[in-house]
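got a predicted structure here, sequence first:
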Protein chains: 2
Amino acid sequence: MRASRLQRATRHASAVATRVMTRGYQVPARDMRFLIYDVHKFDKHYTTLKHAAAADRETIDMVIDATKTLCENELAPIWANGDREGCTWINGTTVKTPKGYKEAYELFCESGWQGLAYPEEWGGQGLPMSMALIQSEMTATANWTFTMFPGLSKGAINTIIAHATDELKQKWLPPLVSGEFTGTMCLTEPQCGSDLGQVTTNAKPNGDGSYKINGTKIFISCGEHDMTENIVHCVLARLPGAPAGTKGISLFLVPKKQYADGAVGDFNGVTTSRIEDKMGCHGSPTCQIEFEDAQGWLIGTENRGLNHMFTFINTSRVGTAVQGVAAAELAFQNSLWYCKERRSMRALSGAKDPEHVADSIIHHPSVRTMLLFQKAVSEGGRSMVYECAKLVDKMTDCERAGDHKGAKEVDERLAFLTPILKGFLTEAGKEAADLGIQAYGGHGYIKDNKAEQVFRDVRIASLWEGTTQIQALDLLGRKILLQKLKPIGEHCGELRALCMPLLTSGNAGLRGRAWSLFYHTLEWQYLTYRVAFRSTKDKEWISSASVDYLMYSGWVTLAAHWLRMEQAAVHSLAKGGDEEPDFYNAKVQTSAYVFDRLLARTRSHKAGMLADLGSVMAMPAANFSFDHSR
Amino acid sequence: MRASRLQRATRHASAVATRVMTRGYQVPARDMRFLIYDVHKFDKHYTTLKHAAAADRETIDMVIDATKTLCENELAPIWANGDREGCTWINGTTVKTPKGYKEAYELFCESGWQGLAYPEEWGGQGLPMSMALIQSEMTATANWTFTMFPGLSKGAINTIIAHATDELKQKWLPPLVSGEFTGTMCLTEPQCGSDLGQVTTNAKPNGDGSYKINGTKIFISCGEHDMTENIVHCVLARLPGAPAGTKGISLFLVPKKQYADGAVGDFNGVTTSRIEDKMGCHGSPTCQIEFEDAQGWLIGTENRGLNHMFTFINTSRVGTAVQGVAAAELAFQNSLWYCKERRSMRALSGAKDPEHVADSIIHHPSVRTMLLFQKAVSEGGRSMVYECAKLVDKMTDCERAGDHKGAKEVDERLAFLTPILKGFLTEAGKEAADLGIQAYGGHGYIKDNKAEQVFRDVRIASLWEGTTQIQALDLLGRKILLQKLKPIGEHCGELRALCMPLLTSGNAGLRGRAWSLFYHTLEWQYLTYRVAFRSTKDKEWISSASVDYLMYSGWVTLAAHWLRMEQAAVHSLAKGGDEEPDFYNAKVQTSAYVFDRLLARTRSHKAGMLADLGSVMAMPAANFSFDHSR
């Protein structure tokens, strides 16, 4: 069944592969296969999973190729208009999505992609979770706002699978997994974002096992649209008499419309009262939703709603990290094309293109550093995401096997890496997108060139799912200090294990960079101890050091992944044969750039996190300005 | 005459000061006066100028107060709508500016502000150039795109005053200086931006002393609009038989309409064929202009057009640096308001606002670092601009006195500082604006909160007037290495002279920071030698190191200005008296932040500029990607 679905998807995509995009996104399939097979060896990894459908090389390649066709021919071409046209709030009731989104979504669902990694029991194809994550990076790069619709559904599906009753599962999972309905997560309210203890939306028992939900939620991505007949909201609300704060929040399933016996029924008191006018991401609506006596059903346990949500917070934050990688890749592709095309000045060391009036700007080192930054973040970030994707597979496998201890161990490792991925990769992706504007010069400011859209679309990434500042506190406070430094010790130990055999390598580049990473793992631990010790005197040291600590962690982690890639490339080069040496040499050269130029960023973050707390805390809040009367 | 005009301006502004802005820009007059009187002592500086109208304390205060009223009541209130409504290209001929822009411009001109610093001979008020620069930062912060209209006119006026014949001056300066006409600079063409040697627009003699201009210019700011009856374009073009490249470019005055005996006449073959759809700056049109047999007049000498332009390149680049300062200030004001208002979580060290459900986020160190960054860049950047404003005064005074040697000396100093200001302050201003989004969390992504508009408006600053990469090459290549390191030696010497008396200060903070700056001036020179030496082997080292070198220079320069401010604050604190100590303490506290946290950024830039050239240059252009078929 799975193979036939994938084959159908491939046919679907090919049938419309007639348009030729001159500058649209191209899936970097060669780079992805290098990571999948040479670096992370997913084909071997998949053989270790016991509770997912077997994904062999043929299956992996089929998913990549079919998704590539879908991305290049369907999703990328409607990306720019998605921004231009945006979403329209019609008659104060529904939301019209941009031209082509509905058709693309139908194709996506018909091809069975929404259920790719969900159990066959609910209509899915049962492949490992990582396959869906690998796929989502491609669709995210082709068209981020389109990808949000199925992405939000996944959040709802994951929540329901893990915590809902069998009755709710049997009713709501099939239409969600098939894509017939979409889903959302309704957390934020006007007065609170990350501080969910302030939630005031309330739920009152109807006496029949269902609840009446009342309240206002804001920033609900894909909260209303015209692509499906129904939408399933996962809503945080308080039960009568619930404890104040985070321990009194419950989770409810609240559909836009009633649904029974496979038929969509009446409206259910869920209305969209506003859609936001945003900096970017115009292709997906951000809704304010009013719940007025809406009928809902409890998911999981009373007052444990936040804990239930946190089950997936790692997965969804890794999904946001993908947004950073996607922006870096898209910015890289745009910039690379332009920097080869655009001619300005002569290279300082003499003409490179003497037959032309000026040299291509790709010859200028200050332009190259921008391109290399984008390339390094895109490919290195992808590798970071793949590492987590494998952990998600392992965790899911343990859960399905009932191995809670095993699942917990993997989850802890994932929990440590998640804030680094989410915090660092969204910041680095943002910088890559900003350099995408810079590489175009004044032309980067012009909408037609789309460089600025990449930036506007990705700018939300370091804000939602917890800001960079929240990720930083999560990493340093919750994940490291609260765990008595155990996770950082283990992590740095693993990185040193990676370095160890390379410290005596005959390859000078590999050897030198292994020593550099080795040094940084020790310094990283040293800095952790310094901050930990200081925080025993004043806990504000944690917050003061946290963002620099996060970024330090990110650069070291990125460098570690480049070392792994370099190691794989050197291995392939040594094997020789018919493989293209230029491809592998480019990996080695990028790794050299990362260690020379990007790891250098840790110098400032080190100094920043060791800076005196007083210089941040001394000024009373009232004294920041004597001129603004506010 | 001057006083009465200023008084009229004050009345004008007061008459409409009825609206109350709850969150609009407020001119930081207290901060500005601290810099003007306590740090830079403009009142004393003005007594040294021989060829400008005397600007005493009363005059300075009157300009600040009247501009404050203008900014807060007229310019700031139309800023957000300027973005929403934008400019409209009407019937393919003219451009409609946003609501209120025309009225505000008329008020601006009636008040005599356009001529504030131009000679009375041409209808100006003859005040020092620095007064106009100080004023422009206020209007730029209140409404950048509005400020562009008079700003571009200044570029044209400066060009005409310096290089045009008396006949052209007498005809065109009065309507430009009064604001009756606006002006533009037409340099860029589709195929070339900074590389102006590629210009192809041509000029053919008509035989009557005038020329026929033909060609297409793009990115012409305020190139067409509905605010004045006529527009005066300064156009770069080639004469028949002119040498190829930069040595064959001449400069022409080409009006939109003919003008004789004080009356505007027929159209002159200058049409706008397109206005750009941009990321931001929607309030000012960016035009593509077609010159079709347009009549023009030579400004200055044949084939010396680029040299004539470069006379003002420093002034106009300092003007762009002001855009960075303006963004930092506006972002700071927005963020500060919000971070006091918004409540989330408890401080790690215990509740700060126990009477509320959560603490104001201004209590969190990771939020404070964002606010302090904005404050440090805004106030420190303003001080950097003021230093250059004094140099512009001195240079203008020397020129008017016929002291060419004196003018050249001041010009060289200005030429050294300019790329640092333009390159560094636009990058730092951009970061401050980005933090302005971050400080708002998800709400920063919503247009209504205006944080994102500050970013979109300032994003052009590091692109136009030469990208950051161009500024970096200008600083390290042209201004330092080509001058055999003399300017950097002198500059660091001056900074050490500033430090010297403070190295033994009884004030520990001042003493410590003076030693830190002292160290950095020596390291800065050391790094210059290292790069200079390497560049003798391969000139690409210059470009490879240049952006890190520029940013290193910027952070050290910013720190130096904060040391000067701290010195002045400590002086005032020591004096005691009725002055508010909190105000001065806040300066000392911000200085501590700058030296602890921002000067730390030099660590990475140092490492970056010393990184191996090979890691940037090794990869052949064709090998950056094996997946994109472009």
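All right, it came through fine.

hmm, what's the outermost residue in chain A?
Computed with CA atoms, centre = their mean, the residue of chain A farthest from its C-alpha average is A:Glu355, at 44.4 Å.

looking at this, that one is in a strand?
No. In this structure, A:Glu355 is coil, not part of a strand, as judged by DSSP: H, G, I helix; E, B strand; the rest coil.

check contacts around it.
By CB atoms under 8 Å, 6 or more residues apart in numbering or on different chains, the contact list for A:Glu355 is empty. Quick note: C-beta positions are derived from backbone N, CA and C, even for glycine.

for the one 10 residues further on, same thing?
When contacts are counted by CB under 8 Å, 6+ apart, A:Pro365 touches B:540, B:543-544, B:613, B:616-617.

show me where the stretch 251-400 of chain A has strands.
With strands called from DSSP state E, counting those that start in this stretch, the stretch 251-400 of chain A shows them at A:257-260, A:263-267, A:270-275, A:286-299.

where do the helices sit along the stretch 101-250 of chain A?
Counting by DSSP state H, counting those that start in this stretch, the stretch 101-250 of chain A has helices at residues A:101-110, A:129-142, A:144-163, A:166-178.

about what we covered before: the residue farthest from the centre of chain A and A:Arg343, how far apart?
Separation of A:Glu355 from A:Arg343 (CB to CB, to the nearest Å): 11 Å.

low pLDDT regions in chain A?
For chain A, the stretches with pLDDT under 70 are A:1-23, A:578-579, A:629-630.

for A:Lys352, what are its contacts?
Neighbour list for A:Lys352: A:346, A:359-360, A:363 [criterion: CB under 8 Å, 6+ apart].

turn those into JSON lines, columns for distance to B:Pro487 and neighbour count.
Converted to JSON lines, those look like this (distance: CB to CB, whole Å; neighbours: other CB atoms under 10 Å in any protein chain shown):
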{"residue": "A:Arg346", "distance to B:Pro487": "24", "neighbour count": "18"}
{"residue": "A:Asp359", "distance to B:Pro487": "28", "neighbour count": "20"}
{"residue": "A:Ser360", "distance to B:Pro487": "31", "neighbour count": "19"}
{"residue": "A:His363", "distance to B:Pro487": "28", "neighbour count": "24"}
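
if we check chain B, which of these are in contact?
By CB under 8 Å from any CB of the partner chain, the members of the contacts of A:Lys352 lying near chain B are A:360, A:363.

need the contacts of A:Lys352 in a markdown table (columns: distance to A:Val570).
Shown next, in a markdown table, are those (distance: CB to CB, whole Å):
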| residue | distance to A:Val570 |
| --- | --- |
| A:Arg346 | 35 |
| A:Asp359 | 32 |
| A:Ser360 | 30 |
| A:His363 | 27 |
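
and the contacts of A:Lys352, which two are the farthest apart?
Spanning the widest gap among these are A:Arg346 and A:Ser360, at 10.9 Å by CB to CB.

residues of stretch A:233-247 that come out buried?
A:233-239, A:242 (16 or more other CB atoms under 10 Å in any protein chain shown).

how near is the residue farthest from the centre of chain A to chain B?
Note on A:Glu355: its distance to chain B, by CB to the nearest CB, to the nearest Å, is 15 Å.

and stretch A:29-43, anywhere near chain B?
Yes. Counting by CB under 8 Å from any CB, chain B has neighbours in stretch A:29-43: A:29-31.

got a list of what the nearest residue to A:Gly215 once chain neighbours are set aside touches?
Excluding the flanking residues, the one nearest A:Gly215 by CB to CB, 6 or more residues apart in numbering or on different chains is A:Thr201, at 2.6 Å. Counting by CB under 8 Å, 6+ apart, A:Thr201 makes contact with A:186, A:189, A:213-217, A:235-238, A:291.

what values do phi and psi take at A:Thr201?
phi -50, psi 140 (degrees, to the nearest 10).

from chain B, how far out is it?
Distance, A:Thr201 to chain B, using CB to the nearest CB: 15 Å.

show me what contacts A:Leu196?
A:187, A:236, A:246, A:249, A:306.

quick one: the residues you listed as a markdown table, columns for distance to chain B too.
Shown next, in a markdown table, are those (distance: CB to the nearest CB, whole Å):
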| residue | distance to chain B |
| --- | --- |
| A:Leu187 | 11 |
| A:Leu236 | 16 |
| A:Thr246 | 11 |
| A:Ile249 | 14 |
| A:Leu306 | 14 |
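
which of these fall within strands?
By the criterion of DSSP state E, membership of the contacts of A:Leu196 in strands covers A:Leu236.

mind listing what's buried in stretch A:271-281?
A:271-272, A:275-276, A:278-281.

and if you look at stretch A:98-110?
Neighbour-count burial for stretch A:98-110 flags A:98, A:100-102, A:104-105, A:107-109 (criterion: 16+ other CB under 10 Å).
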